[in-house]
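Asks: the sequence and its predicted three-dimensional model are supplied below.
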Amino acid sequence: MRGFISYLFLILLASISVSQYALQRAHGNYNTPSMELQSLAFKRSELEQGMDRIIAEKLREGMLLHLTSEQIKPHINQALFTYLHAQSNAEMDPIQMEVGFAHMQTTNYLSLAQVPVQPLSEQQLNTLTHVFVLPINPEEQYGEYTYTGGAFGTTILIAQLTSHHGKTIAALPSGYRICVIDILGEIPCA
């Protein structure tokens, strides 16, 4: 259900952006603050959905190959690391992106837009995540990927997205989980 609602939101956001772009183009103004803010929101949503998709796909792939939890975890994190690096190096004018780890000082996630970002490392990502695979029956397995955020849950995987007129974040917060049952599909974690 979450994926369907996100998909509808993306379609709505894209249609608004296209409509506004057409209006701006007709008036000769291509880059307004509202267009930049919509681009930031769209890129944030795209990043978060991309991370969800990669984690779920790699978890399912590892389970189908009957890999252990400790074999699946670096497989997922390597794909996530590669995806985030590719996204941060992509040309997104006027949006700039910085990916890495940030330390929570308060419970307000929006404050993460202002904190310094430490470089993303695959090794640290492996220490901040956990994969659990449990056989349900001979034909099915339950798999779960969790981003722990460290011992105190204060280290957040973050992408800070900045434009001339705004700033937002895409993040894997402490306690983030994706659950997969063999090939039946993703299920919400309760």
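Replies: Thanks, I have it. Numbering: from 1, shown residues only.

Asks: look up which residues are beta-bridged to Thr129.
Replies: For Thr129, the residues forming beta bridges with it (DSSP bridges) are Tyr147.

Asks: what's the answer for the one 4 residues further on, then?
Replies: Taking DSSP bridges, one obtains Gly143 as the residues bridged to Val133.

Asks: quick one: it from Thr106, how far?
Replies: Computed with Cβ to Cβ, to the nearest Å, the distance linking Val133 and Thr106 is 35 Å. For glycine as for every other residue, the C-beta is placed from the backbone atoms N, C-alpha and C.

Asks: and for Thr162?
Replies: Remark: distance between Thr162 and Thr106 (Cβ to Cβ) = 20 Å.

Asks: the two - which one has more neighbours?
Replies: For Thr162 versus Thr106, the count of surrounding residues by other Cβ atoms under 10 Å is larger for Thr162: 17 against 9.

Asks: which SS state does the more buried one fall under?
Replies: Thr162 carries the three-state label strand when classified by DSSP: H, G, I helix; E, B strand; the rest coil.

Asks: for the residue nearest the centre of the chain, which non-adjacent residue is closest in space?
Replies: Note on the chain: the residue nearest the mean C-alpha position is Glu48, at 2.9 Å, using Cα atoms, centre = their mean. Sequence neighbours aside, Ala170 is the residue nearest to Glu48 in space, at 5.0 Å (criterion: Cβ to Cβ, 6 or more residues apart in numbering).

Asks: contacting residues around Tyr83?
Replies: Neighbouring residues of Tyr83 by Cβ atoms under 8 Å, 6 or more residues apart in numbering: 50-51, 54.

Asks: ok, and the most crowded of these?
Replies: The member of the contacts of Tyr83 surrounded by the most neighbours (other Cβ under 10 Å) is Met51, with 23 neighbours in all.

Asks: and that residue, its phi and psi?
Replies: Dihedral angles phi and psi of Met51 (degrees, to the nearest 10) take the values phi -60, psi -40.

Asks: that one and Pro173 touch, don't they?
Replies: No. Using Cβ atoms under 8 Å, Met51 and Pro173 do not qualify as a contacting pair, with a distance of 11.5 Å.
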